[in-house]
Structures are given as C-alpha cells and as structure tokens.
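Colleague: Here you go, sequence then predicted model.
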Amino acid sequence: MSDKQLSAEELIAQDVGARSPGGIMAKVIAGLALCWSLFQLWIASPLPFIFGVGVLNNTETRSIHLAFALLLAFLVFPAFSKSPRHRVPLLDIVLGLVAAASAAYLFIFYQELSQRPGNLTTADLATACVGITLLLEATRRALGPPLAIIALVFLIYSLAGPYMPDLLAHRGVSFFALANHQWITTEGVFGIALGVSTSFVFLFVLFGALLERAGAGHYFIQLAFSLLGHLRGGPAKAAVVASGLTGMISGSSIANVVTTGTFTIPMMKRTGFSAEKAGAVEVASSVNGQIMPPVMGAAAFLMVEYIGMPYVEIIKHAFLPAAISYIALLYIVHLESLKLGLQPIGGHQPKPWLRRLTGFAFGAALISGLSLAVYYGLGWLKPVLGDYVLEGVGVLLALAYLGLLKIAASVAPLEPEDPSAPLDALPQTRAVLLSGLHFLLPVVVLVWCLMIERLSPGLSAFWGSMMLVVILLTQRPLLSWMRTDGLHEHGNFMDGLIDLREGLLAGARNMIGIGIATAAAGLIVGAVSQTGVGLVLADLVELLSMGNLLLMLIFIAVFSLILGMGLPTTANYIVVSSLLAPVVVTLGQQNGLIVPLIAVHLFVFYFGIMADVTPPVGLASFAAAAVSKGDPIKTGVTAFYYSLRTAALPFLFIFNTDLLLIDVSFWHGVLIFVISTAAMLIFAAGTQGFFLVRSRWYEGILLLLVAFTLFRPGFWMDMLHDPYREVPPAQLEQVIGEIDAESKLRLRILGVDAVGDPQEFSLLLPVPAGDSGAERLQKLGLMLYEDNGKVLIDSVAFASPAADAGLDFDQEILLVRAPTERWIKELMWIPGFLLLGLVVWLQRRRQKPLPGSAG
C-alpha cells in the first residue's frame, strides 16, 4: 500500500479513532465500545419498560453517554502527534477514568442533586471543574484545538463580563454559578445537544455502521457502477450515486470519501479525470450525503429539538433541495466529461439511449415500487390487523427477507472491490441488483417507522438496527444453504456474529468525536443562555449588516465556513444556529420578510457541511487527495467550485420557501421539483462555462439569469404588480371579512423587544373561515381598540392563531397589507424559457458533433 493510501487511512482514523494499541488494551477498548453500543440499544428499546429494569431518565442517560465518550476519547486519541500510537500511556488511562467519573457523577448522585438544586457542595464544585477541564482536553484530542479554544473563550467571557468592552459587557457570572450551570444542570454540557446525541444520533450512526458491515456499501457502489458505468464519465457518475446512497446512512463526510473513494477515484482517473477533479467529484458527492433524506447528518436530529418540528416534516422540507443538488452534480460530471472528450469505458459503444433509459427506470421503479408497496400495504394492514399489526408485519418482513435471499442465492455474489482491476467490463445490472435487494429491508423498516408509525427517530433507528442484526446473523448461513450451485461459500453463523460485533464496534468508535463535539458545544450554548450574549451578537450582526438581510445571510455563510474549518458539522450547526438563527428571523421580520425557522436552520446546516469542502482546511478534500494522489488545495478549490450549487440553494430557499415545500399542494410541489431541477441544471451549466458547447461570457450570464428567473419568478412579478395592497389599520375588521379564507394578511407591528425597547416587525396573519370580519377576528383570538387614531391590540387569547403569529396586547398595528388579485408568479417562467431558447440557438450555431455518442 502506498504512502498516499496510508495517509487516507490516517485521516479516517482521526475521524473515528487515531490509536490502535495491541494486547489487553485493545480488548479493553473494544469491550468498552461494545458496551456503549449495547447500552444505547437498550435505552432506545422498549425492553426497560417491559421488564421494569434499567429505566433511566434523560439526565442519567446523557451522563452515561458522555462517560463512555470521554473514557474512549482518552484511550483512543493520543495527546500529541508524537505520542505513542501502539500503546496507551498510564496517564491517559487515569485521565480517562477521572473524566468518565466526572461525567457519571450526575448519574451516581442524581437523587441527591435533584433534592438541592443550585446548592453546590465542595464535591459538586470539584467535579464540575475537573469535568469541564478534561472535556476541553478530550475535545482538543478528538477534534483539534479550534472547538476547545472557542468553548474556553466563552467560559472566560462568562466570568469576565464586567471587564469587557461596553458592547460586550454583562453583569458577570460567579465561579459557583458557572460550574453549576455548565455541569450540574442540563443547561450546559448535559443540555439539548448531548441529549440528541444520546437519543437519536448514536442509533443512526450505529445503523449506518451495521448496514456497511452487512455489505450494503459495496452493493450500492456496484449497483451505481453497473447502471452508470457505461456512460461518458460513467465512474464519476457512479461515484455521485453511490456516495449519495452511502452518505444517507453515514454521519461522516471523511469516512464516506475514503469508503467509496478508494474504489471510484482510481476508476475516474483511468477514464480521463485528473487526480484533482476525481477527488473533487467524490468530495462533492460524499459531503452532500448529509443533506439527503431520509437519513440526514446528526445536525438534522438537533433541528427536531431546536425547532420543535417532527423529523418527518424536516425530511419533507429538506428533500427537494437535496434531490436537485444531486441531480445537478450528475449534470456537472456530464459537462466535465464532455469538456474532456471522455469515451465510454473500454471504448465500448453503449446500448441505445432508449434501452439504457428503460433499464435505469426499471431499477429505480423496482426500488420505489417496493417501498411504495410496503408503505401503502402496511398502511392498509394496520386497520385490518388491528392489535396484531406488529405480528403481521413481522411475518411479512420475514417472508420478504427469505424471498429476497433466495433471489440473491440465484446469482453470483459481488466481486470484492479491486481499484486496480482493468476497466474493460462492467458488472451486469440485473445480477448486481438481485444480489442485494435484502439490504433495502432495514431502510424500509426505518422509513415505515418514521413515516407510517410516526415513531421517534431514535426508536425508528432501533427497529431498523434490529432488522440489520437479523440480517448480519443470518444472511451468511442462509445464503450458503439456499445456494444450490456449490460454487460459492458465504460463511456460517459465527462469521455473522463477527460481522455484528465489528459493526457494533465501528458504530461506537464513529460516535466518539460526535459525542465529544455535542458536549463541548453545550459549553457554548450554556454560556449564551447564562450571559445573554445572543442579544449582543444580534445587535453586532445587525450593525455589521446595516439591517440588510441578504448581506447578513452572506455574513452568516462566511461565519459558518470559517467556524467549519475547525469544527465538525454538528458542532458548527449548534454554535451558529444558537447564536444567529433567531437573529435572521428577527431581522427578516423587521425588513418585512417572513423567514420560516426551518429555512434558517437548513441555511446554517448547508454551510456547516460546505466547510468540509472549503480550503484551506477542508478535511474531506484532504482525504480525497490522499486517495487520488492529487494536490489537496486544488482538490478543495475544484470541489468548492462543483459545490456552488449547494451554496446557492440556501439563499434561494430563504427568499422562495416553495423550494422547501412549505404550504404547497402535491401537484404544485411536483411542478416546483421539475422547474427547480431544470433551473439548477441551467445554473450548473452557467457556472461550468459549458452548455451545448463552451459558453461565451454573455451566454453564461444569460444562463444564470434564466436559472434565477425559474427559481424566483416572484422577484420579477413583484416588480410588475405588487402582490399586496395597503389598507388603513382601522379597516382591518372590514378587509379581513372580505378576503378569502386561508389567505394571509401582512401586518406591520410596533411592539417591544426582549429588553423593552420599541421595535417594528412584520408578520403573517392567517385568515380563518367565517361569515363576517368580527367572527373571523374572534376565531383568531384577537380584540382591537382605537386610541387617538391608533389601532391597538386589546387582548390576545392564549394559544390562539393570533398568539401563534406573534401578536400580543398593547402592540400597535401600523400597516395592513391585504393580498390582491394578480397573475400567478409562475408566468415569469415563460420569458425565462424564451431566454434559454435564445442561448440554445446561439450555441447550436457553433455546435460540432462530439466524438462518440455516449451520454
């Protein structure tokens, strides 16, 4: 193995564990990791409640979770680059045990601590001080200095408030209050972020590790390669699809790059891609796996808690941007292949395009059809089977599993990965597809639990993992038994047991960095809540952006990228969303733009992921360069260039929430998907400088203009016709009785902010059904009165639509804007497509037939 390949493995080792000791210590680390995985499965399962044993509350589970993470961090991660890698020094063992004891303190003394909240004893104070210090050290070891330094700065800021400059000054926090808030309560280290890591994230990371160990990762790669390998630039297109499939179940960009990249990058290079472009394609596709539903990155589960939105809703809102981002990346790869004049693998002419398309559609339809059949079949079975639905579904899954294994036994097993094998033949799509259809069952179980049963993400991942445990233990002996040709041996039950053990170990080791990151980020969140620095930062950001929302979004994007150079995606999301997400919503309201909270959080999430790509510290780019033997900085720059579509999407869905499928019908959503996909492909062509032929500079500008028009038709329509008309506030009751029910009024309100200062903001008020304006106001829970020509809010009913919209008593209504009858904004798509036709005409005049006919 080459040095470059070794460095790639070292990079992934830094992500999941950098020390590999031998002897008894290797068994200790493996035993701890195995216990951690089994503990997480236990607390996620219904078994503690069935047997009445081991029932723990949230604080206790978070305490044990962090104890495992800290102990393993000190055992697995060396203190310095020159520290021994093949043994664990005694000091690290001691530090790990002390850190674990500090974290477990809340579990051991939970009853005692709950009886004296806020009254710290000497033991409490000492534990908090030692625990915080060792957490910072574990963070430095596992994730590098940046997150540890940022957390330390926030701790110092908490204590030094009175001595800070006026803009940043606060009354200060005592040493006792800091220790109590950050370690003993659930406001700091043991807060929401660590809770999500404990309840949701671990189970999904474990699910991904078990699925990979079962062989699904290799199956996805081979399936993508067999479907797309014969196209122009086929290995690169296969890399995009395979990385998308594996990225859905992988919480680590770096692990995804190295796992799929060791196979796809050498193939891309042999078909004509440079080392940097091959690595960049793999990076761009692997990193985007974290935004792809149904299983997104760890930060997506934090949104569940921070926004208070069900995970199913987050999946719905995130689907369209993620899907069109991947489709656009496939198109970018196609354009690169055209620019390079690449030919199909081995010079073979592909099958006719119709046959190719039919074959691809058949594979997609088979997978989608299976999922839809299960979705609607189970939905129909629930009312029929009643109390026996679980037993019925279990029988159906068992029958499906045995049937799919029988199909897999009828074809040859997949060849092991060999990046150095010649590219003169492609695997047969049918044989590859049939060899691993049973890997879809755990995903089906996961989606069923999330979408139909509406179980929590953690419990859904538990049942998906249980299906994987069954597969890992039984697929080898069952395949060996079902295969009748006698040509292949798949192994026995003990081999399956080893696979299960290795999957559990991999899941726990993958979680060390995430567990430490969420705990350290809790220090930052705790400091924000204790000092009120969030309000200070809001004023600072508003000052820097001069009240301009677009400028502020650019500022937040750059801030996320800079933070992301040193923080993992999860920690980056926690920090930026805690500090700046509320600021975007508030500033949007002040500027008359209603920004949904989910749009802001997805904005931060996208740019946190982009940081894994961005030079000079894009770790995913470094990992890809190590495999491709290319220049890491050039790889990062090229990957960022390919990822411009991902950087553009957040700005677009902030200003056009239709892209997040917010308040749109099914068919409207389908139309938006089609048009948005076309817009993103045109955007990709504009940024890549190639459409039908190499674009001239003005053609690139026209293509970007077309893409913008398709994405934001309302921008141009608003210039032609204002969608709202101004109404005097005194006529609110009259106008609310005239407009259609379920439409929305825009109100400009004068109220007060959190510290009592006057503040203007805008909000949307939904209009309920009713026979008159008075009846509709009553349904809204709103009572008004006039005083000296001003319209003021007299009262707002508790938990009413008016209260949910943000109205409160004593606020003044400054302006009412009612919707008007106007042409639909989508009419602006027509001039957009006419402009696209102009570009097509200009380029067709220069187009020459390209060599070959591959797609």
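Modeller: Okay, I see it. Computed from a prediction, not measured in an experiment: that's the story for all the values here.
Colleague: Give me the buried positions along stretch 677-685.
Modeller: 677, 678, 679, 680, 681, 682, 683, 684, 685 (16 or more other Cβ atoms under 10 Å). (Glycine included, C-beta is placed from N, CA and C.)
Colleague: now the last one, what's its secondary structure?
Modeller: Three-state secondary structure (criterion: DSSP: H, G, I helix; E, B strand; the rest coil) places residue 685 in helix.
Colleague: Contacts only, for it.
Modeller: Contact analysis of residue 685 by Cβ atoms under 8 Å, 6 or more residues apart in numbering lists 331, 335, 691, 695, 703.
Colleague: Do a quick rundown of the strands in the protein.
Modeller: 724-727, 744-752, 758-766, 782-787, 790-796, 812-819 (DSSP state E).
Colleague: so can I have JSON lines of those strands showing mean pLDDT?
Modeller: Output for the strands of the chain, formatted as JSON lines (pLDDT from 0 to 100):
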{"stretch": "strand 724-727", "mean pLDDT": "83"}
{"stretch": "strand 744-752", "mean pLDDT": "84"}
{"stretch": "strand 758-766", "mean pLDDT": "81"}
{"stretch": "strand 782-787", "mean pLDDT": "87"}
{"stretch": "strand 790-796", "mean pLDDT": "87"}
{"stretch": "strand 812-819", "mean pLDDT": "86"}
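Colleague: Can you check which of these gets nearest to residue 468?
Modeller: Of all the strands of the chain, it is strand 758-766 that lies closest to residue 468, at 43.7 Å by Cβ to Cβ.
Colleague: thinking again about what came up before, can you flag the buried ones in the contacts of residue 685?
Modeller: Buried among those (16+ other Cβ under 10 Å): 331, 335, 691, 695, 703.
Colleague: ok, back up a step: can you tell me which of the buried residues of stretch 677-685 lies nearest to residue 285?
Modeller: Nearest to residue 285 out of these is residue 684 (Cβ to Cβ; 13.8 Å).
Colleague: show me where the stretch 1-150 of the chain has helices.
Modeller: Along the stretch 1-150 of the chain, the segments classed as helices by DSSP state H, counting those that start in this stretch run 3-16, 23-44, 47-51, 58-76, 90-108, 110-115, 122-143, 145-159.
Colleague: Specify the angle between the fourth one and helix 90-108 in degrees.
Modeller: Direction vectors for helix 58-76 and helix 90-108, defined by axes from the mean of the first three to the mean of the last three Cα atoms, to 10 degrees, enclose an angle of 180 degrees.
Colleague: From the contact counts, what lies against helix 58-76?
Modeller: Contacts defined by 3 or more Cβ pairs under 8 Å, 6 or more residues apart in numbering; DSSP states H and E place helix 58-76 against helix 23-44, helix 90-108, helix 110-115, helix 122-143, helix 192-196, helix 493-531.
Colleague: again, but for the fifth one
Modeller: With contacts defined as 3+ Cβ pairs under 8 Å, 6+ apart, the packing partners of helix 90-108 are helix 58-76, helix 122-143.
Colleague: Could you do the third one as well?
Modeller: Counting contacts by 3+ Cβ pairs under 8 Å, 6+ apart, there are no secondary-structure elements packed against helix 47-51.
Colleague: mean confidence for that helix?
Modeller: Mean pLDDT, computed over helix 47-51, is 86.
Colleague: starting at the chain centroid, how far to it?
Modeller: How far helix 47-51 lies from its chain's middle: 32 Å, per Cα atoms, centre = their mean, to the nearest Å.
Colleague: And for it, what's in contact with it?
Modeller: 42, 54, 55, 56.
Colleague: run the last query once more with 6 Å
Modeller: Contacts of helix 47-51 with the rest of the structure, by Cβ atoms under 6 Å, 6 or more residues apart in numbering, involve 54, 55.
Colleague: Ok, the second one next?
Modeller: Counting contacts by Cβ under 6 Å, 6+ apart, the residues outside helix 23-44 that touch it are 61, 68, 72, 75, 88, 202-203, 206, 458, 462, 504-505, 507-509.
Colleague: before we move on, back to that, and the furthest pair within the buried residues of stretch 677-685?
Modeller: Longest span within the buried residues of stretch 677-685, Cβ to Cβ: 677 and 685, 12.9 Å.
Colleague: hmm, back to that, save the helices and strands packed on helix 58-76 as JSON lines, and put in mean pLDDT and distance to residue 263 too.
Modeller: Converted to JSON lines, the helices and strands packed on helix 58-76 look like this (pLDDT from 0 to 100; distance: least, Cβ to Cβ, whole Å):
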{"stretch": "helix 23-44", "mean pLDDT": "92", "distance to residue 263": "27"}
{"stretch": "helix 90-108", "mean pLDDT": "94", "distance to residue 263": "35"}
{"stretch": "helix 110-115", "mean pLDDT": "87", "distance to residue 263": "48"}
{"stretch": "helix 122-143", "mean pLDDT": "92", "distance to residue 263": "28"}
{"stretch": "helix 192-196", "mean pLDDT": "84", "distance to residue 263": "33"}
{"stretch": "helix 493-531", "mean pLDDT": "88", "distance to residue 263": "18"}
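Colleague: quick one: which of these is nearest residue 671?
Modeller: Proximity to residue 671 (Cβ to Cβ) singles out helix 192-196 among these, at 35.1 Å.
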